[in-house]
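A.B. asks: sequence unknown, structure follows:
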């Protein structure tokens, strides 16, 4: 509650400082930009992978790589499988874990560039029909989750409706 009040106070203060005419530039655009940036990682890290009864980050999570500058800004948040395996580790070390996972789990570890994962998000549905199938409720089209076909960076292909 205190954090929420503080955030509202900051935005109201900025609004008073810059005036209501600047609402779009001081509040809306920054809010939508930061929300899209954060949600693009969360959605790509989880919404293309199958659901599992037992938590297995190699199956139910996806690592997305990005431009080094963007990885720095996002504190290596795209290295999500690594984060799920070692949740308390500092993000500085996730790239080292990434290399080890590629070496020791070449058939299980799924990762791809973030742009490619975002493209897959926009080409597929976001609702799970079952643990390994995504479904578009309007059209009924279904799409396999990523690991169903073992997609990896060198063999990744667009998920096609089944």
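C.D. replies: Structure received. For clarity, every value in this text was computed on a predicted model and none was experimentally measured. Numbering: from 1, shown residues only.
A.B. asks: Distance check, residue 69 against residue 41.
C.D. replies: 15 Å (CB to CB, to the nearest Å). To be clear about C-beta, it is placed using only N, CA and C from the backbone, and glycine gets the same treatment.
A.B. asks: for residue 131, same thing?
C.D. replies: Residue 131 is 23 Å from residue 41, by CB to CB.
A.B. asks: cool, residue 65 as well?
C.D. replies: 12 Å.
A.B. asks: quick one: low-confidence parts of this structure?
C.D. replies: Within the chain, the ranges that satisfy pLDDT under 70 run 147-162.
A.B. asks: try 90
C.D. replies: In the predicted model, the chain carries pLDDT under 90 at residues 11-12, 14-16, 18-28, 30-31, 107-108, 123-126, 144, 146-162.
A.B. asks: What residues does the residue nearest the centre of it make contact with?
C.D. replies: Closest to where the C-alpha atoms of the chain average out (CA atoms, centre = their mean) is residue 41, at 2.5 Å. Residue 41 makes contact with 64, 74, 77, 78, 80, 114, according to CB atoms under 8 Å, 6 or more residues apart in numbering.
A.B. asks: distance of the spatially closest residue to residue 46 that is not a sequence neighbour from residue 18?
C.D. replies: Leaving out its chain neighbours, the residue that sits closest to residue 46 by CB to CB, 6 or more residues apart in numbering is residue 61, at 6.4 Å. Computed as CB to CB, the residue 61 to residue 18 distance reads 40 Å.
A.B. asks: same question, residue 144
C.D. replies: 48 Å.
A.B. asks: which residues in the protein form strands?
C.D. replies: For the chain, the strands defined by DSSP state E occupy 63-65, 111-113, 127-130, 133-135, 142-144.
A.B. asks: Now do the buried residues in the second one.
C.D. replies: Put plainly, it is strand 111-113. Within strand 111-113, the residues scored as buried using 16 or more other CB atoms under 10 Å are 111, 112.
A.B. asks: strand partners of that strand, parallel vs antiparallel please.
C.D. replies: Partners of strand 111-113 in the sheet, by DSSP bridges, are strand 63-65 (parallel).
A.B. asks: thinking again about what came up before, now the phi/psi pair for the residue nearest to residue 46, please.
C.D. replies: phi -140, psi 160 (degrees, to the nearest 10).
A.B. asks: give me every residue that touches the nearest residue to residue 129 once chain neighbours are set aside.
C.D. replies: Leaving aside its chain neighbours, residue 129 sits nearest to residue 135 (3.7 Å; criterion: CB to CB, 6+ apart). Neighbour list for residue 135: 125, 127, 128, 129, 141, 142, 143 [criterion: CB under 8 Å, 6+ apart].
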